[in-house]
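**Q** Model the following, please.
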Amino acid sequence: MKQIAILALGLALSCNTSQKTVSEKAQGPKSIDPVTYAQTITEEELKDHLYVYASDDFEGRETGKPGQKKAVEYLKSQYEALGIPAAKEDGDYFQKVPLEVSKVPEGNMMIGDDTFSLGEDILTFSAAEGEFQEIVYVGYGIEEGTYSDYGSLDVSGKLVLIKAGEPIDQNGNYSISGTPEKSVWSNMSEAMQKKTELAAAKGAKGVLYYDTTNFPRFKRYFEYMKTNNSGKMQLAEDSNDNYVILLNEQSAMSLKNDIDTDHMPKSIAADVKLAITSGNDQVDSENVVAVLKGTEKPNEYVVVSSHLDHIGITADGKINNGADDDGSGSVALLEIAEAFKKAAEAGEGPKRSIVFLHVTGEEKGLLGSRYYTDINPVLPLSRTVANLNIDMIGRIDPKRDGDRNYVYLIGSDKLSTELHELSEEVNQKYANLELDYTYNDENDPNRFYYRSDHYNFAKNNIPIIFYFNGTHDDYHRPSDTPDKINYDLLQNRTRLIFHTAWEVANRENKVVVDKATK
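**A** Have a look, this model is predicted:
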């Protein structure tokens, strides 16, 4: 699982276990019993796969490294053995994902006669060059509902100045929420990305972002990258995207000395020169995509996904095997594929097509899934009815109290009431796990909903469910090894996901999206 994104610069349940009778609409064909096929998902086969996939031979499966290449070859060989074809028309299981690593940039920004050094007064992780005689100050840089900091301002091709936070009305309430509660526009981990993406969508050439809380965090990361001669991995398509420069108090005040008190958007005359350069290294990586064609609705797709990469080898040579993260999801996906294939061989294949999607670059910022959804979908998103995403389902959260036979569910109710109800009904009928919605809470500080590959589907209004066991002491450490996995739980959770995919694929109508993406 990806850690909370801190690279927006150039760079991302209250428990409800109510039980319901399985409705007619959530059942597959009455003559078919999916339990027979679910039972082919076994502890033994999951363990056999994982002891290979999370072995030292795979060197921690870091994106673009030799171990990751071994991982994708292993996945390909399994689909070939099962007789499940590639999703691409040319028969290639690999979807190349063009990636780059941007080196730590060098340079400075001049405001009038004052020079502000990169790494001290300003921070960015990408090149930024140009001369400007005007900047557009958009206050908090927010636009939601009837509120807009942009109004009639034209920011196309211009340099935009934005500050952290959000407006408060005369009653002391936050203007966006209308209550004393802050909105996502104040969230430390998400607000910068939302504001800078909004500015880019309006055509801004670049963003100067004033945030005294985030500046020290980014500065520590900048210094780490510079010391270790490492850079940020990104999609190659992003390398020419608009830049974001984080300002400290000194550089921000040089542009607008009343920025803390003046919230009114306006154009400002300013002599700004950017001279920040950076070089990029190419990275060769790929998603693995297979598909089992549906019998009645082959052009509608249920995507079951997991990420194939992990974080590789530590500086002192220790291998991060990633057995739980996300070896567990990767091998679960293989077993789900085998179960569907056995059903198809018995003449009981799913009505809709099932896409088995293993994505790269999750640990680098959900890159492989974003490439699949936003840039080059192998199969059309307009015909993708749901995404079931698996990221860490082989362990037990040590902080959790309750039945060990549980799984955290995240996002099932975010876009589709039907999908959430179907999920509950399927669990009651087939699995009887404790479905824990702790991390589905909008106020959960971990923000797991935004931290795995399902989010790239959800933001495209495709209903999702994210299956997760929670973190543990071995998370992102060399000690995340196959011997730590609870294989009985991995089996139970994998069977639940299979049954859910089965019902989504076989119901008469696709699940309805009845909630808007936030």
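
**Q** Ramachandran angles for Phe94?
**A** As for Phe94, its main-chain torsions (degrees, to the nearest 10) stand at phi -90, psi 130.

**Q** which residues does the residue nearest to it when sequence neighbours are not counted contact?
**A** Leaving aside its chain neighbours, Phe94 sits nearest to Glu286 (4.1 Å; criterion: CB to CB, 6 or more residues apart in numbering). Just so you know, the C-beta spots here come from the backbone N, C-alpha and C atoms, and that holds for glycine as well. Contact analysis of Glu286 by CB atoms under 8 Å, 6 or more residues apart in numbering lists Val72, Phe94, Gln95, Lys96, Val97, Thr360.

**Q** Quick check: closest non-adjacent residue to the fourth one.
**A** Yep, that's Lys96 we're talking about. Using CB to CB, 6+ apart, the closest residue to Lys96 is Glu286 (5.2 Å).

**Q** Now do that neighbour against Leu379, distance only.
**A** Distance of Glu286 to Leu379, computed by CB to CB, to the nearest Å: 16 Å.

**Q** swap in Thr261?
**A** Thr261 sits 52 Å away from Leu379, going by CB to CB.

**Q** neighbour count winner among these two?
**A** Just comparing Thr261 and Leu379: by other CB atoms under 10 Å the higher neighbour count belongs to Leu379, 19 against 6.

**Q** my read: the more buried one touches Glu300, true?
**A** No - counting by CB atoms under 8 Å, Leu379 does not reach Glu300; the two are 9.8 Å apart.

**Q** shared neighbours, these two?
**A** Ser353.

**Q** Show me what the longest helix along the chain is packed against.
**A** Counting by DSSP state H, the longest helix found in the chain is helix 487-506. Judged by 3 or more CB pairs under 8 Å, 6 or more residues apart in numbering; DSSP states H and E, the packing partners of helix 487-506 are helix 35-38, helix 43-53, strand 297-307, helix 329-345, strand 352-359, strand 384-390, helix 417-426, strand 464-468.

**Q** Mean pLDDT, mean neighbour count and distance to Lys515 added to these, as a markdown table?
**A** As requested, the helices and strands packed on helix 487-506 are exported to a markdown table (pLDDT from 0 to 100; neighbours: other CB atoms under 10 Å; distance: least, CB to CB, whole Å):
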| stretch | mean pLDDT | mean neighbour count | distance to Lys515 |
| --- | --- | --- | --- |
| helix 35-38 | 97 | 18 | 29 |
| helix 43-53 | 98 | 18 | 34 |
| strand 297-307 | 98 | 24 | 19 |
| helix 329-345 | 98 | 24 | 26 |
| strand 352-359 | 98 | 26 | 22 |
| strand 384-390 | 98 | 27 | 14 |
| helix 417-426 | 98 | 22 | 7 |
| strand 464-468 | 98 | 26 | 12 |
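
**Q** closest to Ala200 out of the ones you listed?
**A** Closest approach to Ala200 among the helices and strands packed on helix 487-506 (CB to CB): strand 352-359, 23.7 Å.

**Q** between that closest one and strand 297-307, how big is the angle?
**A** Between the axes of strand 352-359 and strand 297-307, defined by axes from the mean of the first three to the mean of the last three CA atoms, to 10 degrees, the angle is 20 degrees.

**Q** Against which helices or strands is strand 352-359 packed?
**A** Against strand 352-359 (3+ CB pairs under 8 Å, 6+ apart) you get helix 66-82, strand 286-292, strand 297-307, helix 329-345, helix 367-370, helix 487-506.

**Q** Residues contacting the fifth one, please?
**A** When contacts are taken as CB under 8 Å, 6+ apart, the neighbours of helix 367-370 outside the stretch itself are 63, 97, 99, 233-235, 285, 287, 305, 307, 309, 357, 359-362, 453-457.

**Q** who's in contact with Asp238?
**A** Contacts of Asp238 by CB under 8 Å, 6+ apart: none found.

**Q** can you do 10 Å?
**A** Gly10, Leu11, Leu99, Glu100, Ser102, Ser126, Lys232, Gly365, Leu367, Arg370, Ile375 (CB atoms under 10 Å, 6 or more residues apart in numbering).

**Q** Pull the number of nearby residues for the last one.
**A** To tie it back to what came earlier, the one meant is Ile375. 13.

**Q** before we move on, the earlier item: by neighbours, which of the contacts of Glu286 wins?
**A** Thr360 (30 neighbours).
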